[in-house]
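Q: Predicted model and sequence follow; I will ask about them next.
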Amino acid sequence: MLDSKQMITIKGTKDGLTLFIDDHSSFEAILDELSDKLSEYKPKKDEPVVPVTVKLGDRYLNDRQKKQLNELISAKNCFTIHAFDSNVVHRDEALTWKEESEIRVVNRIVRSGQVLEYVGDLLLVGDVNPGGKVITTGNIFIMGNLLGIAHAGVNGDRDAVIAASYMKPNQLRIADYISRAPDYDSEGVYMECGLIDKEQDKIVIDRLQVLSRKRKDISGFERRMLNG
Amino acid sequence: MGEAIVITSGKGGVGKTTTTANIGTALALMEKKVCLIDTDIGLRNLDVIMGLENRIIYDIVDVIEQRCKLKQALIKDKRFDYLSLLPAAQTSDKAAVTKDGMETIVSELKQEYDYIIIDCPAGIEQGFQNAVTGADKAIVITTPEKSSVRDADRIVGLLENESIDPPKLVINRIRNHMMKNGDMLDIDDIIQILSIDLIGIVVDDDEVIKASNNGEPIALQGNSKASIAYRNIARRMLGETVPLQSLEDEKGMFYKVKKFFGMRT
(Lines give C-alpha, C1' and ligand atoms only; values in the text may rest on other atoms or scores of the structure.)
Protein backbone atom coordinates (compact mmCIF):
# COMPACT_ATOMS: atom_id res chain seq x y z
CA MET A 1 0.00 0.00 0.00
CA LEU A 2 2.82 2.36 -0.72
CA ASP A 3 1.61 3.44 -4.13
CA SER A 4 2.46 6.95 -5.00
CA LYS A 5 -1.14 7.63 -5.91
CA GLN A 6 -3.73 6.89 -3.31
CA MET A 7 -6.81 4.94 -4.32
CA ILE A 8 -9.00 6.62 -1.74
CA THR A 9 -9.05 10.28 -0.93
CA ILE A 10 -11.06 11.58 1.98
CA LYS A 11 -12.29 15.12 2.20
CA GLY A 12 -14.24 16.76 4.94
CA THR A 13 -17.12 19.01 4.03
CA LYS A 14 -19.76 20.70 6.10
CA ASP A 15 -22.14 17.86 5.29
CA GLY A 16 -19.76 15.18 6.49
CA LEU A 17 -17.07 13.27 4.67
CA THR A 18 -16.64 12.73 0.96
CA LEU A 19 -14.81 9.62 -0.17
CA PHE A 20 -13.24 9.82 -3.60
CA ILE A 21 -12.56 6.33 -4.87
CA ASP A 22 -10.18 5.94 -7.78
CA ASP A 23 -12.08 4.28 -10.62
CA HIS A 24 -9.05 2.46 -12.09
CA SER A 25 -8.21 0.21 -9.17
CA SER A 26 -9.79 -3.11 -8.47
CA PHE A 27 -12.64 -3.30 -6.04
CA GLU A 28 -10.76 -5.72 -3.77
CA ALA A 29 -7.80 -3.37 -3.51
CA ILE A 30 -10.14 -0.59 -2.53
CA LEU A 31 -11.77 -2.64 0.16
CA ASP A 32 -8.31 -3.46 1.56
CA GLU A 33 -7.18 0.13 1.58
CA LEU A 34 -10.43 1.34 3.01
CA SER A 35 -10.32 -1.09 5.89
CA ASP A 36 -6.70 0.00 6.55
CA LYS A 37 -7.73 3.62 6.59
CA LEU A 38 -10.65 2.95 8.82
CA SER A 39 -8.60 0.94 11.28
CA GLU A 40 -6.32 3.95 11.74
CA TYR A 41 -9.29 5.92 12.87
CA LYS A 42 -10.00 5.72 16.56
CA PRO A 43 -13.28 7.42 17.35
CA LYS A 44 -13.75 9.32 20.52
CA LYS A 45 -16.68 8.47 22.70
CA ASP A 46 -20.02 10.15 22.03
CA GLU A 47 -18.94 11.44 18.68
CA PRO A 48 -21.91 11.85 16.34
CA VAL A 49 -22.26 9.53 13.37
CA VAL A 50 -20.68 11.13 10.32
CA PRO A 51 -22.52 10.89 6.99
CA VAL A 52 -20.32 9.80 4.11
CA THR A 53 -20.84 10.51 0.45
CA VAL A 54 -19.04 8.05 -1.79
CA LYS A 55 -17.89 9.45 -5.13
CA LEU A 56 -17.25 6.57 -7.48
CA GLY A 57 -16.18 8.42 -10.62
CA ASP A 58 -16.69 6.21 -13.65
CA ARG A 59 -17.10 3.07 -11.63
CA TYR A 60 -20.29 1.05 -11.54
CA LEU A 61 -21.11 -0.78 -8.32
CA ASN A 62 -23.67 -3.53 -8.25
CA ASP A 63 -25.92 -4.01 -5.26
CA ARG A 64 -23.65 -6.65 -3.68
CA GLN A 65 -20.63 -4.40 -3.90
CA LYS A 66 -22.57 -1.47 -2.47
CA LYS A 67 -23.61 -3.65 0.42
CA GLN A 68 -20.01 -4.73 1.05
CA LEU A 69 -18.84 -1.14 1.08
CA ASN A 70 -21.69 -0.16 3.30
CA GLU A 71 -20.91 -2.88 5.82
CA LEU A 72 -17.28 -1.90 5.92
CA ILE A 73 -17.88 1.79 6.40
CA SER A 74 -20.60 1.55 8.97
CA ALA A 75 -18.90 -1.30 10.85
CA LYS A 76 -17.73 0.89 13.67
CA ASN A 77 -20.96 2.77 14.03
CA CYS A 78 -19.33 6.10 13.51
CA PHE A 79 -19.93 6.49 9.78
CA THR A 80 -23.00 6.01 7.71
CA ILE A 81 -23.28 6.06 3.94
CA HIS A 82 -25.30 9.02 2.87
CA ALA A 83 -25.17 8.44 -0.89
CA PHE A 84 -23.31 6.80 -3.72
CA ASP A 85 -22.44 9.13 -6.52
CA SER A 86 -21.40 7.61 -9.80
CA ASN A 87 -21.10 8.92 -13.33
CA VAL A 88 -22.40 5.68 -14.78
CA VAL A 89 -25.75 3.98 -14.42
CA HIS A 90 -26.68 0.50 -15.38
CA ARG A 91 -28.69 0.16 -18.55
CA ASP A 92 -31.64 -1.43 -16.73
CA GLU A 93 -31.68 1.36 -14.21
CA ALA A 94 -31.61 3.94 -16.95
CA LEU A 95 -34.43 2.23 -18.77
CA THR A 96 -36.51 2.10 -15.61
CA TRP A 97 -35.85 5.79 -15.12
CA LYS A 98 -36.88 6.50 -18.61
CA GLU A 99 -40.02 4.45 -18.28
CA GLU A 100 -40.97 6.07 -15.00
CA SER A 101 -40.44 9.56 -16.28
CA GLU A 102 -42.03 9.22 -19.68
CA ILE A 103 -45.54 10.39 -20.30
CA ARG A 104 -47.40 7.64 -22.02
CA VAL A 105 -50.16 8.77 -24.32
CA VAL A 106 -53.06 6.37 -24.60
CA ASN A 107 -56.05 6.95 -26.82
CA ARG A 108 -59.00 4.79 -25.81
CA ILE A 109 -62.00 4.48 -23.56
CA VAL A 110 -61.56 2.60 -20.32
CA ARG A 111 -64.88 0.87 -19.90
CA SER A 112 -66.53 -0.80 -16.94
CA GLY A 113 -64.42 -3.74 -15.81
CA GLN A 114 -61.32 -2.68 -17.71
CA VAL A 115 -58.07 -1.75 -15.98
CA LEU A 116 -55.32 0.35 -17.52
CA GLU A 117 -52.02 -0.03 -15.70
CA TYR A 118 -48.79 1.79 -16.50
CA VAL A 119 -45.44 2.72 -15.04
CA GLY A 120 -44.79 6.46 -15.14
CA ASP A 121 -47.16 9.23 -16.09
CA LEU A 122 -50.25 8.65 -18.19
CA LEU A 123 -52.02 10.98 -20.55
CA LEU A 124 -55.31 9.37 -21.45
CA VAL A 125 -57.14 10.84 -24.39
CA GLY A 126 -60.59 9.42 -23.77
CA ASP A 127 -62.91 8.62 -20.92
CA VAL A 128 -62.74 6.43 -17.86
CA ASN A 129 -66.29 5.14 -17.53
CA PRO A 130 -67.93 4.17 -14.23
CA GLY A 131 -66.42 0.87 -13.12
CA GLY A 132 -63.25 1.41 -15.18
CA LYS A 133 -59.87 1.87 -13.53
CA VAL A 134 -56.53 3.50 -14.37
CA ILE A 135 -53.45 2.84 -12.28
CA THR A 136 -50.01 4.42 -12.67
CA THR A 137 -46.88 4.89 -10.58
CA GLY A 138 -46.80 8.55 -11.59
CA ASN A 139 -49.35 11.21 -12.43
CA ILE A 140 -52.59 10.73 -14.33
CA PHE A 141 -53.86 13.30 -16.81
CA ILE A 142 -57.15 12.64 -18.52
CA MET A 143 -58.42 14.56 -21.51
CA GLY A 144 -61.95 13.33 -21.15
CA ASN A 145 -64.36 12.30 -18.46
CA LEU A 146 -63.08 10.61 -15.33
CA LEU A 147 -66.09 8.72 -14.01
CA GLY A 148 -64.43 5.56 -12.70
CA ILE A 149 -61.43 5.03 -10.43
CA ALA A 150 -58.00 6.62 -10.86
CA HIS A 151 -55.03 5.55 -8.76
CA ALA A 152 -51.90 7.68 -9.14
CA GLY A 153 -48.54 7.08 -7.44
CA VAL A 154 -49.44 3.47 -6.79
CA ASN A 155 -45.93 2.69 -5.46
CA GLY A 156 -46.28 5.31 -2.77
CA ASP A 157 -45.56 8.61 -4.53
CA ARG A 158 -47.69 10.99 -2.48
CA ASP A 159 -46.81 13.90 -4.73
CA ALA A 160 -48.62 12.34 -7.66
CA VAL A 161 -51.66 14.14 -9.02
CA ILE A 162 -54.77 13.23 -10.99
CA ALA A 163 -56.10 15.82 -13.41
CA ALA A 164 -59.06 15.56 -15.76
CA SER A 165 -61.11 17.70 -18.12
CA TYR A 166 -64.20 16.50 -16.32
CA MET A 167 -64.19 14.59 -13.08
CA LYS A 168 -66.94 12.80 -11.29
CA PRO A 169 -65.04 9.75 -10.14
CA ASN A 170 -66.19 6.75 -8.13
CA GLN A 171 -62.93 7.06 -6.24
CA LEU A 172 -59.65 8.92 -6.38
CA ARG A 173 -56.62 7.15 -4.98
CA ILE A 174 -53.16 8.64 -4.58
CA ALA A 175 -50.44 6.45 -3.03
CA ASP A 176 -52.12 5.04 0.11
CA TYR A 177 -54.88 7.65 0.31
CA ILE A 178 -58.41 6.99 -0.91
CA SER A 179 -61.26 9.42 -1.34
CA ARG A 180 -64.66 8.61 -2.70
CA ALA A 181 -67.54 10.54 -4.16
CA PRO A 182 -70.08 11.89 -1.68
CA ASP A 183 -73.24 9.85 -1.10
CA TYR A 184 -75.53 12.56 -2.36
CA ASP A 185 -75.78 13.06 -6.09
CA SER A 186 -73.33 15.76 -7.06
CA GLU A 187 -72.32 17.52 -10.22
CA GLY A 188 -68.87 16.79 -11.54
CA VAL A 189 -66.17 19.41 -11.90
CA TYR A 190 -64.43 20.66 -15.02
CA MET A 191 -60.67 21.13 -15.39
CA GLU A 192 -59.72 20.20 -11.86
CA CYS A 193 -57.17 17.97 -10.23
CA GLY A 194 -56.90 15.80 -7.16
CA LEU A 195 -53.81 15.90 -4.97
CA ILE A 196 -52.83 15.13 -1.38
CA ASP A 197 -53.04 18.12 0.90
CA LYS A 198 -50.45 17.63 3.63
CA GLU A 199 -52.14 19.85 6.21
CA GLN A 200 -55.54 18.25 5.90
CA ASP A 201 -53.93 14.84 5.41
CA LYS A 202 -56.36 13.85 2.68
CA ILE A 203 -56.99 14.09 -1.03
CA VAL A 204 -58.42 17.43 -2.06
CA ILE A 205 -59.82 18.50 -5.42
CA ASP A 206 -58.76 21.89 -6.64
CA ARG A 207 -58.47 23.97 -9.77
CA LEU A 208 -55.74 22.93 -12.21
CA GLN A 209 -54.02 26.27 -11.67
CA VAL A 210 -52.93 25.34 -8.15
CA LEU A 211 -50.64 22.70 -9.61
CA SER A 212 -48.18 25.32 -10.76
CA ARG A 213 -47.85 26.40 -7.14
CA LYS A 214 -48.15 23.16 -5.24
CA ARG A 215 -46.38 20.76 -7.60
CA LYS A 216 -43.70 22.87 -9.23
CA ASP A 217 -41.64 19.85 -10.17
CA ILE A 218 -44.39 18.10 -12.06
CA SER A 219 -42.33 18.05 -15.24
CA GLY A 220 -41.44 14.43 -14.86
CA PHE A 221 -37.94 13.64 -15.99
CA GLU A 222 -35.78 16.01 -13.98
CA ARG A 223 -37.69 15.40 -10.81
CA ARG A 224 -37.12 11.69 -10.98
CA MET A 225 -33.49 12.04 -12.01
CA LEU A 226 -32.86 14.13 -8.92
CA ASN A 227 -34.83 11.93 -6.57
CA GLY A 228 -33.20 8.85 -7.99
CA MET B 1 -72.72 -14.70 -48.12
CA GLY B 2 -74.75 -13.42 -45.19
CA GLU B 3 -73.95 -11.43 -42.13
CA ALA B 4 -74.15 -12.63 -38.54
CA ILE B 5 -75.27 -10.13 -35.94
CA VAL B 6 -75.33 -10.82 -32.22
CA ILE B 7 -77.84 -9.00 -30.03
CA THR B 8 -76.47 -8.62 -26.53
CA SER B 9 -76.76 -6.47 -23.41
CA GLY B 10 -75.08 -7.98 -20.38
CA LYS B 11 -78.00 -7.22 -18.13
CA GLY B 12 -81.09 -9.37 -18.26
CA GLY B 13 -84.57 -8.17 -19.01
CA VAL B 14 -83.68 -5.21 -21.20
CA GLY B 15 -85.27 -6.68 -24.30
CA LYS B 16 -82.66 -8.72 -26.17
CA THR B 17 -85.07 -11.43 -27.21
CA THR B 18 -87.86 -9.03 -28.15
CA THR B 19 -85.41 -6.98 -30.20
CA THR B 20 -84.05 -10.08 -31.91
CA ALA B 21 -87.55 -11.21 -32.85
CA ASN B 22 -88.59 -7.80 -34.13
CA ILE B 23 -85.46 -6.86 -36.02
CA GLY B 24 -85.56 -10.28 -37.63
CA THR B 25 -89.21 -9.88 -38.55
CA ALA B 26 -88.66 -6.37 -39.88
CA LEU B 27 -85.78 -7.53 -42.07
CA ALA B 28 -87.87 -10.42 -43.36
CA LEU B 29 -90.68 -7.98 -44.18
CA MET B 30 -88.18 -6.24 -46.43
CA GLU B 31 -87.65 -9.54 -48.20
CA LYS B 32 -84.31 -10.45 -46.70
CA LYS B 33 -83.67 -14.06 -45.81
CA VAL B 34 -83.27 -14.11 -42.05
CA CYS B 35 -82.40 -16.83 -39.57
CA LEU B 36 -82.77 -16.25 -35.84
CA ILE B 37 -80.64 -18.26 -33.41
CA ASP B 38 -81.58 -18.56 -29.76
CA THR B 39 -78.44 -19.26 -27.69
CA ASP B 40 -80.04 -18.97 -24.28
CA ILE B 41 -79.81 -22.67 -23.51
CA GLY B 42 -82.14 -23.77 -20.75
CA LEU B 43 -84.16 -20.55 -20.78
CA ARG B 44 -85.37 -20.36 -24.32
CA ASN B 45 -87.83 -17.58 -25.07
CA LEU B 46 -87.40 -16.56 -28.65
CA ASP B 47 -89.64 -19.36 -29.94
CA VAL B 48 -92.41 -18.23 -27.57
CA ILE B 49 -92.23 -14.63 -28.70
CA MET B 50 -92.25 -15.75 -32.33
CA GLY B 51 -95.18 -18.05 -31.63
CA LEU B 52 -93.28 -21.09 -32.90
CA GLU B 53 -93.02 -22.98 -29.64
CA ASN B 54 -95.22 -25.88 -30.72
CA ARG B 55 -93.22 -26.61 -33.85
CA ILE B 56 -89.88 -27.38 -32.21
CA ILE B 57 -88.63 -30.88 -32.90
CA TYR B 58 -84.87 -30.53 -32.82
CA ASP B 59 -82.82 -27.78 -31.24
CA ILE B 60 -79.34 -26.27 -31.42
CA VAL B 61 -77.83 -28.85 -29.04
CA ASP B 62 -79.15 -31.64 -31.23
CA VAL B 63 -77.36 -30.03 -34.15
CA ILE B 64 -74.09 -29.62 -32.27
CA GLU B 65 -74.19 -33.16 -30.95
CA GLN B 66 -75.08 -34.34 -34.44
CA ARG B 67 -78.38 -35.94 -33.62
CA CYS B 68 -79.87 -34.15 -36.60
CA LYS B 69 -78.91 -32.06 -39.59
CA LEU B 70 -78.96 -28.28 -39.31
CA LYS B 71 -81.75 -28.06 -41.88
CA GLN B 72 -83.97 -30.35 -39.81
CA ALA B 73 -83.69 -28.18 -36.73
CA LEU B 74 -84.61 -24.94 -38.51
CA ILE B 75 -88.22 -23.89 -38.08
CA LYS B 76 -89.85 -21.95 -40.90
CA ASP B 77 -91.93 -19.05 -39.70
CA LYS B 78 -95.65 -19.59 -40.02
CA ARG B 79 -96.21 -16.13 -41.52
CA PHE B 80 -93.57 -15.92 -44.24
CA ASP B 81 -90.90 -18.00 -45.87
CA TYR B 82 -88.09 -15.54 -45.44
CA LEU B 83 -87.77 -16.14 -41.70
CA SER B 84 -86.41 -19.20 -39.87
CA LEU B 85 -85.59 -19.96 -36.28
CA LEU B 86 -82.97 -22.22 -34.75
CA PRO B 87 -84.31 -22.75 -31.22
CA ALA B 88 -82.28 -23.24 -28.06
CA ALA B 89 -82.45 -26.43 -26.04
CA GLN B 90 -84.63 -26.31 -22.97
CA THR B 91 -83.41 -29.39 -21.19
CA SER B 92 -79.74 -29.80 -22.04
CA ASP B 93 -76.81 -28.45 -20.13
CA LYS B 94 -75.34 -25.10 -21.11
CA ALA B 95 -71.93 -26.68 -21.56
CA ALA B 96 -73.30 -28.66 -24.50
CA VAL B 97 -72.78 -25.67 -26.79
CA THR B 98 -69.18 -25.06 -27.76
CA LYS B 99 -67.48 -22.23 -29.58
CA ASP B 100 -66.52 -24.53 -32.44
CA GLY B 101 -70.05 -25.84 -32.74
CA MET B 102 -71.47 -22.32 -32.89
CA GLU B 103 -68.95 -21.23 -35.46
CA THR B 104 -69.78 -24.15 -37.73
CA ILE B 105 -73.50 -23.51 -37.48
CA VAL B 106 -73.19 -19.79 -38.14
CA SER B 107 -70.89 -20.20 -41.11
CA GLU B 108 -73.17 -22.84 -42.59
CA LEU B 109 -76.22 -20.58 -42.17
CA LYS B 110 -74.36 -17.66 -43.75
CA GLN B 111 -74.30 -19.55 -47.05
CA GLU B 112 -78.05 -19.75 -47.06
CA TYR B 113 -79.32 -16.57 -45.40
CA ASP B 114 -78.76 -12.81 -45.72
CA TYR B 115 -78.91 -12.14 -42.00
CA ILE B 116 -78.26 -14.42 -39.07
CA ILE B 117 -79.45 -12.80 -35.87
CA ILE B 118 -78.12 -14.33 -32.67
CA ASP B 119 -80.00 -13.82 -29.43
CA CYS B 120 -77.40 -13.76 -26.65
CA PRO B 121 -78.14 -14.87 -23.07
CA ALA B 122 -77.69 -12.39 -20.20
CA GLY B 123 -74.34 -12.38 -18.45
CA ILE B 124 -70.76 -12.46 -19.65
CA GLU B 125 -69.93 -16.11 -19.19
CA GLN B 126 -69.69 -19.03 -21.58
CA GLY B 127 -73.13 -18.36 -23.06
CA PHE B 128 -72.07 -14.87 -24.06
CA GLN B 129 -68.78 -16.13 -25.48
CA ASN B 130 -70.61 -18.74 -27.55
CA ALA B 131 -73.10 -16.24 -28.91
CA VAL B 132 -70.39 -13.78 -29.89
CA THR B 133 -68.26 -16.39 -31.65
CA GLY B 134 -68.91 -16.31 -35.32
CA ALA B 135 -70.75 -12.98 -35.27
CA ASP B 136 -69.53 -10.26 -37.63
CA LYS B 137 -71.41 -7.43 -36.00
CA ALA B 138 -73.02 -6.71 -32.68
CA ILE B 139 -75.96 -4.69 -31.46
CA VAL B 140 -75.92 -3.73 -27.80
CA ILE B 141 -79.27 -3.15 -26.11
CA THR B 142 -79.61 -0.90 -23.11
CA THR B 143 -82.41 0.81 -21.25
CA PRO B 144 -82.16 4.33 -19.83
CA GLU B 145 -81.16 3.02 -16.42
CA LYS B 146 -77.78 3.33 -14.77
CA SER B 147 -77.34 -0.37 -14.09
CA SER B 148 -78.19 -1.36 -17.61
CA VAL B 149 -75.90 1.28 -19.11
CA ARG B 150 -73.10 0.09 -16.83
CA ASP B 151 -73.53 -3.47 -18.05
CA ALA B 152 -73.73 -2.35 -21.65
CA ASP B 153 -70.42 -0.53 -21.13
CA ARG B 154 -68.89 -3.74 -19.81
CA ILE B 155 -70.18 -5.63 -22.82
CA VAL B 156 -68.81 -3.05 -25.26
CA GLY B 157 -65.46 -3.45 -23.51
CA LEU B 158 -65.60 -7.23 -23.88
CA LEU B 159 -66.59 -6.97 -27.53
CA GLU B 160 -63.42 -4.95 -28.14
CA ASN B 161 -61.49 -8.18 -27.56
CA GLU B 162 -63.45 -10.05 -30.21
CA SER B 163 -62.84 -9.79 -33.92
CA ILE B 164 -66.04 -7.91 -34.46
CA ASP B 165 -66.99 -4.50 -35.85
CA PRO B 166 -67.62 -1.76 -33.26
CA PRO B 167 -71.10 -2.47 -31.90
CA LYS B 168 -74.22 -0.40 -32.54
CA LEU B 169 -76.54 0.76 -29.80
CA VAL B 170 -80.27 0.36 -29.32
CA ILE B 171 -81.87 2.21 -26.42
CA ASN B 172 -84.98 0.30 -25.43
CA ARG B 173 -87.89 1.00 -23.12
CA ILE B 174 -87.72 4.77 -23.27
CA ARG B 175 -90.33 6.55 -21.20
CA ASN B 176 -90.56 10.02 -22.54
CA HIS B 177 -92.12 11.74 -19.52
CA MET B 178 -89.45 10.32 -17.19
CA MET B 179 -86.66 11.35 -19.48
CA LYS B 180 -88.07 14.84 -19.68
CA ASN B 181 -88.26 15.12 -15.90
CA GLY B 182 -84.69 13.93 -15.61
CA ASP B 183 -85.76 10.77 -13.77
CA MET B 184 -84.15 8.66 -16.46
CA LEU B 185 -80.84 9.04 -18.21
CA ASP B 186 -81.42 10.85 -21.45
CA ILE B 187 -80.29 9.62 -24.82
CA ASP B 188 -77.35 11.99 -25.09
CA ASP B 189 -76.02 10.94 -21.67
CA ILE B 190 -76.12 7.30 -22.67
CA ILE B 191 -74.38 7.89 -25.98
CA GLN B 192 -71.74 9.99 -24.29
CA ILE B 193 -70.87 7.25 -21.84
CA LEU B 194 -70.93 4.35 -24.26
CA SER B 195 -69.57 6.35 -27.20
CA ILE B 196 -70.80 3.95 -29.85
CA ASP B 197 -73.13 4.68 -32.74
CA LEU B 198 -76.85 4.73 -32.06
CA ILE B 199 -78.90 2.63 -34.45
CA GLY B 200 -82.32 3.06 -32.88
CA ILE B 201 -84.50 4.05 -29.97
CA VAL B 202 -87.61 2.17 -28.92
CA VAL B 203 -90.26 3.58 -26.62
CA ASP B 204 -91.74 1.57 -23.79
CA ASP B 205 -94.97 0.39 -25.36
CA ASP B 206 -97.64 -1.81 -23.80
CA GLU B 207 -98.36 -3.22 -27.22
CA VAL B 208 -94.97 -4.94 -27.21
CA ILE B 209 -95.92 -7.08 -24.23
CA LYS B 210 -99.32 -7.83 -25.68
CA ALA B 211 -97.84 -8.84 -29.01
CA SER B 212 -95.16 -11.01 -27.39
CA ASN B 213 -97.79 -12.86 -25.40
CA ASN B 214 -99.68 -13.54 -28.60
CA GLY B 215 -96.58 -14.83 -30.34
CA GLU B 216 -96.82 -12.11 -32.96
CA PRO B 217 -93.77 -9.81 -33.08
CA ILE B 218 -94.86 -6.18 -32.82
CA ALA B 219 -93.01 -5.33 -36.01
CA LEU B 220 -95.80 -7.09 -37.90
CA GLN B 221 -98.44 -4.73 -36.61
CA GLY B 222 -99.20 -1.47 -38.27
CA ASN B 223 -98.56 1.70 -36.50
CA SER B 224 -97.60 1.36 -32.90
CA LYS B 225 -94.54 3.41 -31.98
CA ALA B 226 -92.44 0.39 -31.10
CA SER B 227 -93.33 -1.30 -34.34
CA ILE B 228 -92.14 1.68 -36.38
CA ALA B 229 -89.02 1.91 -34.24
CA TYR B 230 -88.04 -1.71 -34.96
CA ARG B 231 -88.70 -1.32 -38.66
CA ASN B 232 -86.57 1.83 -38.64
CA ILE B 233 -83.71 -0.11 -37.06
CA ALA B 234 -83.95 -2.73 -39.79
CA ARG B 235 -83.92 -0.02 -42.46
CA ARG B 236 -80.83 1.55 -40.93
CA MET B 237 -79.16 -1.87 -40.92
CA LEU B 238 -79.74 -2.01 -44.65
CA GLY B 239 -78.00 1.32 -45.02
CA GLU B 240 -80.96 3.66 -45.30
CA THR B 241 -80.82 7.00 -43.54
CA VAL B 242 -83.85 7.24 -41.30
CA PRO B 243 -84.28 10.09 -38.83
CA LEU B 244 -84.76 9.18 -35.17
CA GLN B 245 -88.36 8.81 -34.10
CA SER B 246 -89.85 11.75 -32.27
CA LEU B 247 -90.67 10.82 -28.71
CA GLU B 248 -93.59 13.24 -28.42
CA ASP B 249 -97.04 11.74 -28.45
CA GLU B 250 -98.90 12.73 -31.53
CA LYS B 251 -102.14 14.06 -30.18
CA GLY B 252 -104.01 14.15 -33.44
CA MET B 253 -106.80 16.31 -34.79
CA PHE B 254 -109.42 15.13 -32.39
CA TYR B 255 -107.33 16.19 -29.38
CA LYS B 256 -106.86 19.65 -30.81
CA VAL B 257 -110.56 20.06 -31.40
CA LYS B 258 -111.37 18.91 -27.89
CA LYS B 259 -108.79 21.27 -26.49
CA PHE B 260 -110.29 24.07 -28.48
CA PHE B 261 -113.64 23.53 -26.83
CA GLY B 262 -111.99 23.32 -23.43
CA MET B 263 -112.95 19.71 -22.88
CA ARG B 264 -110.97 17.55 -20.50
CA THR B 265 -108.50 15.30 -22.17
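A: Thanks, I have the structure now. Residues are numbered from 1 along each chain as shown, chains lettered A, B, ... in the order given.

Q: name the element the one residue in chain B that gets nearest to chain A belongs to?
A: Proximity of chain B to chain A (C-beta to the nearest C-beta) peaks at B:Gly157, 3.5 Å away. Backbone N, C-alpha and C define where each C-beta goes, glycine included. Applying DSSP states H and E as the criterion places B:Gly157 in helix B:146-160.

Q: which residues sit against whichever helix or strand comes after that helix?
A: Moving toward the C-terminus from helix B:146-160, the next helix or strand (DSSP H and E) is strand B:168-174. Contacts to strand B:168-174, defined as C-beta atoms under 8 Å, 6 or more residues apart in numbering or on different chains, come from residues B:14-15, B:18-19, B:137-144, B:152, B:184, B:187, B:190-191, B:194, B:196-204, B:233, B:247.

Q: Listing partners with orientation, what would you give for the helix or strand where A:Ile205 lies?
A: Using DSSP H and E, A:Ile205 falls within strand A:202-207. Strand A:202-207 has its sheet partners listed here by DSSP bridges as strand A:189-197 (antiparallel).

Q: any idea how far A:Thr53 is from A:Ile81?
A: Look at A:Ile81 and A:Thr53: by C-beta to C-beta, to the nearest Å, they are 8 Å apart.

Q: and what of A:Pro130?
A: 51 Å.

Q: again with A:Ile140
A: To A:Thr53, A:Ile140 is 35 Å away according to C-beta to C-beta.

Q: the more surrounded of the two?
A: Set A:Ile140 next to A:Thr53 and count neighbours by other C-beta atoms under 10 Å in any protein chain shown: A:Ile140 wins out with 28 against 17.

Q: wait, isn't the more buried one in contact with A:Ala163?
A: Yes - with contact defined as C-beta atoms under 8 Å, A:Ile140 counts as touching A:Ala163 (7.2 Å).

Q: neighbours of B:Gln111, just the number please.
A: A total of 8 residues lie near B:Gln111 under the criterion other C-beta under 10 Å.

Q: Surely it forms part of a strand?
A: No - with DSSP: H, G, I helix; E, B strand; the rest coil as the criterion, B:Gln111 is assigned helix and is not in a strand.

Q: Tell me who's in contact with it.
A: With C-beta under 8 Å, 6+ apart, B:Gln111 has these contacts: B:1-2.

Q: Leaving out chain neighbours, which residue sits closest to whichever residue of chain A sits closest to chain B?
A: Distances between chain A and chain B by C-beta to the nearest C-beta are smallest at A:Arg111, namely 3.5 Å. Closest residue to A:Arg111 apart from its sequence neighbours, by C-beta to C-beta, 6 or more residues apart in numbering or on different chains: B:Gly157 at 3.5 Å.

Q: Let's see the pLDDT reported for that neighbour.
A: We have a pLDDT of 94 for B:Gly157.

Q: tell me, how many neighbours does it end up with?
A: B:Gly157 has 20 neighbouring residues, counting by other C-beta under 10 Å.

Q: how close does it sit to B:Ile218?
A: Noted for B:Gly157: a distance of 31 Å to B:Ile218, by C-beta to C-beta.

Q: so A:Ile81 sits in a strand?
A: Yes - assessed by three-state DSSP, A:Ile81 belongs to a strand.

Q: Wait, it touches A:Ile73, no?
A: Yes - assessed by C-beta under 8 Å, A:Ile81 is found in contact with A:Ile73 at 5.7 Å.

Q: More neighbours: which of those two?
A: Legend: neighbour count by other C-beta under 10 Å for A:Ile81 and A:Ile73, higher for A:Ile73 (20 against 17).

Q: tell me the contacts of A:Gly132?
A: Contact analysis of A:Gly132 by C-beta under 8 Å, 6+ apart lists A:109-116, A:147-149, B:153, B:157.

Q: all helices of the stretch 151-265 of chain B, in order?
A: Listed in chain order, the helices found in the stretch 151-265 of chain B under DSSP state H, counting those that start in this stretch are B:176-181, B:187-194, B:206-213, B:225-237, B:252-260.

Q: just those helices: most buried one?
A: Between these, helix B:225-237 has the highest mean count of neighbours, a mean of 22, where neighbours are mean count of other C-beta atoms under 10 Å in any protein chain shown.

Q: outside of that helix, which residues touch it?
A: Under C-beta under 8 Å, 6+ apart, the answer for helix B:225-237 is B:5, B:19, B:22-23, B:25-27, B:29-30, B:115, B:170, B:199-203, B:205, B:207-208, B:217-221, B:242, B:245.

Q: Which positions in chain A make contact with chain B?
A: Neighbours of chain B within chain A, by C-beta under 8 Å from any C-beta of the partner chain: A:109, A:111-114, A:127, A:129-132, A:145, A:147.

Q: Quick one: name whatever helix or strand follows the helix of greatest length in chain A.
A: Using DSSP state H to define each element, chain A has its longest helix at helix A:27-40. Next helix or strand after helix A:27-40 toward the C-terminus (DSSP H and E): strand A:50-57.
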